[in-house]
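Undergrad: below are the sequence and a predicted model; questions follow.
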Protein chains: 2
Amino acid sequence: MNVEIKFTPISNLGEFGLINRIRNIAARVDNLHVVHSIGDDSAVLKTGEDKMEIVTTDLMLQGVHFDLSYTSMRHLGRKAAAVNLSDIAAMSGIPVAATVSLGLHSNLSVEMVDDFYEALVEEFGRYGCAVVGGDVSASVIGMVISITVIGEVEPKRYVLRRGAKPGDVVCVSGDLGRAQAGLKILNREKARYIQSGEPSDFSPNFEGYDDALEKHLLPEPRVDMSRKITEKINVHSMIDVSDGLASDMLHICKSSGVAAELDEELIPIDPLTRRVAREFGDDPLDYALYGGEDYELLFTISEEDFGSLYGLGGNIRVIGRILEGKPEVKVKRISGSSLAFADFPSYQHFSPRAGKG
Amino acid sequence: MNVEIKFTPISNLGEFGLINRIRNIAARVDNLHVVHSIGDDSAVLKTGEDKMEIVTTDLMLQGVHFDLSYTSMRHLGRKAAAVNLSDIAAMSGIPVAATVSLGLHSNLSVEMVDDFYEALVEEFGRYGCAVVGGDVSASVIGMVISITVIGEVEPKRYVLRRGAKPGDVVCVSGDLGRAQAGLKILNREKARYIQSGEPSDFSPNFEGYDDALEKHLLPEPRVDMSRKITEKINVHSMIDVSDGLASDMLHICKSSGVAAELDEELIPIDPLTRRVAREFGDDPLDYALYGGEDYELLFTISEEDFGSLYGLGGNIRVIGRILEGKPEVKVKRISGSSLAFADFPSYQHFSPRAGKG
């Protein structure tokens, strides 16, 4: 007797398809604490009469999320903390406690683990967040970092992806695409090093690229800015830019049932990012739309509230508008042409075209 | 110029040495929420006037913690939930919410992920715990499972490892060593399968071993029993038996600054466990002391409270006593000889003798 076993490759669904499927299974069990669950940057739990808690988790795997050939343990520890803090910022939360699990292979030393941990604890500490627990394990399969952060937030102040309204203006902090520019430089110098036959006197050419390398290696979570914004303004929807502007804007559109129209001219791209793109023969807009890992805040507010953003610092800019219509992101190009995405266009795990950088 | 870089292999410290070192770094940042941090089964946070929260996390790596050649996705999902629930039980908590991160390699199918997730959500659901978030990622390095569980507990009712007092009796639920017996059988049949040249008509010999296999593959977290015990009795210290009786008893002793004397005659070892040990020419006491993964409760209470344990079910037995003295676990053998451990004797990650089963 043969039993037929169905085998659907995960790449058929892609990362977000898989998350949707998992969400439906998870939804079978619910309890009074759960206010908002899978499908946002963090979950929201009700822990008391006037208390909300937010929980976020992130898995980082060697060879997928980081490359130890150009990432020091200090940088990695700080970034691992920062990307989780960024998810808390995206909900307007205050980080409180973190757990950190590490899978370590035998070519790491005690000193390297110290460096990683010191940088991580320091970065969490900048925002008052304590590392309260974790797990360590031998790994035969490369370094594994899994972090969960618990934050608190006032019931009226947490922000989801799903509140964008037609007429809202779309705002972004900082500039976009610079992390991708940094990654391009790092990968170029790594390739040069390998081509050189790895001589001990090889010196990478990083001159003038510092701001791009730093944006990739040491992103700044916008925890403080997020709190400042929601103190003054009723933010309708928010996300952090981790996958790229196109993908993260589409997350807001899909969750909110709206469309967004962005204007290339308004999207903040740093001169250094433009210079790097030119060197590689790339379109700098691509770095902003698909590069990801900028960890800036992308949010929507009523047009009349925009004036209140002045004086908050952080270079917040309007880059477009929310429209009625089915979920879609349109980008008006300076050239007069336009782009449109109704499906996630940028980096996705498990997609046949995955392979960032 | 040469810069000397210190490289101390992690195996020099071992798992618990590394955790101690990490704890010291993490202790640099603290906040008002943190009641108890790294070094117990879970962390304890104060979230309100009369509210405590416990947080536990566990990392499971393919090739280290589980073997997909004899573990089905349904079993793995259920066990992944159970081992985390067991940590909540060890503190006398009520599980509330879980986050689940998965690293998945491309030879897993969507159906396998469904099976894993369904079993996991069902197991958490048995205890009212909702899966509220997580992360999925492609993995080039085998399957990775990282789970964090948040529980709640009354401020007067959570139990740490560090409250054992001289004169306490040491109690354990269920029986010990049976998970190890199950693992021995699974590994034996796997070896026979490989030796057979992997023919499609190979059938493993599991007849009569069901209770041992089940103990290894599908452990039962003692969440309900833990709550029942602490409802009636002031439990001084508690831990779940995950590393083995010797190691977990020593955790209580080191945390509490006491010694423990256990009596082989009183340690509950099932007849099936004895039979399997005999087949392998092993001492069944070794399975109980060093096997681990039984996920039973090990706790200490005042002698006068022992009477109150009757009627709670769960086969709770006294196996020894807490003594004054420096941290050490002594085991009186039936033969008249005795064993003593002042250092962690059983499975430790990174130790040169690691390699369970």
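TA: Okay, I see it.
Undergrad: give me the low-pLDDT residue ranges for chain A?
TA: A:1-3, A:39-41, A:314, A:346-357 (pLDDT under 70).
Undergrad: show me the strands in it, by range?
TA: A:34-36, A:43-48, A:51-61, A:94-104, A:130-138, A:144-153, A:169-172, A:237-240, A:259-263, A:297-301, A:317-323, A:328-332, A:338-341 (DSSP state E).
Undergrad: any chance of a markdown table for these, columns mean neighbour count?
TA: For glycine as for every other residue, the C-beta is placed from the backbone atoms N, C-alpha and C. Listed next are the strands of chain A as a markdown table, based on neighbours: other C-beta atoms under 10 Å in any protein chain shown:
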| stretch | mean neighbour count |
| --- | --- |
| strand A:34-36 | 19 |
| strand A:43-48 | 21 |
| strand A:51-61 | 24 |
| strand A:94-104 | 25 |
| strand A:130-138 | 24 |
| strand A:144-153 | 27 |
| strand A:169-172 | 23 |
| strand A:237-240 | 26 |
| strand A:259-263 | 21 |
| strand A:297-301 | 27 |
| strand A:317-323 | 19 |
| strand A:328-332 | 20 |
| strand A:338-341 | 15 |
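Undergrad: out of those strands, nearest to B:Val153?
TA: In terms of C-beta to C-beta, the element of those nearest to B:Val153 is strand A:43-48, at 12.5 Å.
Undergrad: quick one, that closest one and strand A:51-61 angle?
TA: 150 degrees (axes from the mean of the first three to the mean of the last three C-alpha atoms, to 10 degrees).
Undergrad: strand A:43-48 near chain B anywhere?
TA: Yes. Using C-beta under 8 Å from any C-beta of the partner chain, strand A:43-48 comes into contact with chain B via A:43, A:45, A:47-48.
Undergrad: quick check, nearest of these to A:Leu186?
TA: A:Ala43 (33.2 Å).
Undergrad: you'd agree the closest one is up against A:Thr56?
TA: Yes. A:Ala43 is in contact with A:Thr56 according to C-beta atoms under 8 Å; the separation is 7.5 Å.
Undergrad: would you map the helices across chain A?
TA: Here chain A has its helices, by DSSP state H, at A:14-26, A:73-90, A:110-126, A:178-195, A:210-217, A:223-232, A:245-256, A:271-280, A:284-286.
Undergrad: tell me the domain ranges of chain A?
TA: A:40-153, A:169-201+A:208-341 (automatic domain parsing).
Undergrad: need those in JSON lines (columns: distance to B:His33).
TA: Below are those laid out as JSON lines (distance: least, C-beta to C-beta, whole Å):
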{"stretch": "domain A:40-153", "distance to B:His33": "5"}
{"stretch": "domain A:169-201+A:208-341", "distance to B:His33": "16"}
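Undergrad: if you compare those, which one is most tucked away?
TA: domain A:40-153 (a mean of 22; mean count of other C-beta atoms under 10 Å in any protein chain shown).
Undergrad: now do the end-to-end distance for stretch A:208-226.
TA: One end of stretch A:208-226 to the other measures 30 Å (C-alpha to C-alpha, to the nearest Å).
Undergrad: geometric centre of chain A: which residue is closest?
TA: For chain A, the residue nearest the mean C-alpha position is A:Ser242 (2.2 Å; C-alpha atoms, centre = their mean).
Undergrad: quick check: that one vs A:Val153, distance?
TA: 20 Å (C-beta to C-beta, to the nearest Å).
Undergrad: likewise A:Ala130?
TA: Counting by C-beta to C-beta - A:Ala130 and A:Val153 are separated by 17 Å.
Undergrad: so for the residue nearest to the centre of chain A, what's the nearest residue that isn't a sequence neighbour?
TA: A:Gly292 (5.7 Å; C-beta to C-beta, 6 or more residues apart in numbering or on different chains).
Undergrad: quick check, A:Ser173 in contact with A:Met225.
TA: Yes. Contact criterion C-beta under 8 Å: A:Ser173 and A:Met225 qualify, at 6.0 Å.
Undergrad: re earlier: of all the residues of strand A:43-48 next to chain B, which comes closest to A:Leu85?
TA: The closest of these, once distances to A:Leu85 are taken by C-beta to C-beta, is A:Ala43, at 16.0 Å.
Undergrad: grab the nearest non-local neighbour of the closest one.
TA: According to C-beta to C-beta, 6+ apart, the nearest residue to A:Ala43 is B:Val132 (3.7 Å).
Undergrad: my guess is the one you found contacts A:Asn31. True?
TA: No. Judged on C-beta under 8 Å, B:Val132 makes no contact with A:Asn31 at a distance of 9.5 Å.
Undergrad: common neighbours of those two, please.
TA: Here B:Val132 and A:Asn31 have B:Ala97 as joint contacts, going by C-beta atoms under 8 Å, 6 or more residues apart in numbering or on different chains.
Undergrad: so what's A:Leu297 bridging to?
TA: Following DSSP bridges, A:Leu297 is listed with bridge partners A:Asp240.
Undergrad: list the contacts for it?
TA: A:89-90, A:171-173, A:222, A:225-226, A:229, A:238-241.
Undergrad: which of these lies closest to B:Gly167?
TA: A:Ala89 (51.2 Å).
Undergrad: hmm, that closest one is touching A:Arg222, no?
TA: Yes. Applying C-beta under 8 Å, one finds A:Ala89 in contact with A:Arg222, separated by 4.8 Å.
Undergrad: where do the contact lists of those two overlap?
TA: Contacts common to A:Ala89 and A:Arg222, judged by C-beta under 8 Å, 6+ apart, are A:240, A:297.
Undergrad: ok, the nearest residue to A:Ile22 once chain neighbours are set aside to A:Ser11 distance?
TA: Spatial nearest neighbour of A:Ile22, excluding adjacent residues (C-beta to C-beta, 6+ apart): B:Tyr117 at 5.5 Å. From B:Tyr117 across to A:Ser11, the span is 18 Å (C-beta to C-beta).
Undergrad: please see if stretch A:135-155 touches chain B.
TA: Yes. Under the criterion of C-beta under 8 Å from any C-beta, chain B is reached by stretch A:135-155 at A:135-142, A:144, A:146, A:148, A:150, A:152.
Undergrad: dump that stretch to PDB, restricted to CA.
TA: The C-alpha trace of stretch A:135-155 is given here as PDB (Å, rounded to 0.1, in the frame of the first residue of the first chain):
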ATOM      1  CA  ASP A 135      19.200  30.100  26.400                       C
ATOM      2  CA  VAL A 136      22.600  29.000  25.000                       C
ATOM      3  CA  SER A 137      23.200  25.900  23.000                       C
ATOM      4  CA  ALA A 138      26.000  24.400  21.000                       C
ATOM      5  CA  SER A 139      25.100  24.700  17.300                       C
ATOM      6  CA  VAL A 140      26.500  22.400  14.600                       C
ATOM      7  CA  ILE A 141      24.900  24.600  12.000                       C
ATOM      8  CA  GLY A 142      26.300  28.100  12.400                       C
ATOM      9  CA  MET A 143      25.400  30.900  14.700                       C
ATOM     10  CA  VAL A 144      21.700  31.400  15.600                       C
ATOM     11  CA  ILE A 145      20.400  34.500  17.400                       C
ATOM     12  CA  SER A 146      16.800  34.600  18.700                       C
ATOM     13  CA  ILE A 147      15.600  37.600  20.600                       C
ATOM     14  CA  THR A 148      12.200  38.400  22.100                       C
ATOM     15  CA  VAL A 149      11.400  41.900  23.500                       C
ATOM     16  CA  ILE A 150       8.500  42.800  25.800                       C
ATOM     17  CA  GLY A 151       7.500  46.400  25.900                       C
ATOM     18  CA  GLU A 152       4.700  48.400  27.500                       C
ATOM     19  CA  VAL A 153       2.400  51.000  26.000                       C
ATOM     20  CA  GLU A 154      -0.600  53.000  27.000                       C
ATOM     21  CA  PRO A 155      -3.800  51.500  25.700                       C
END
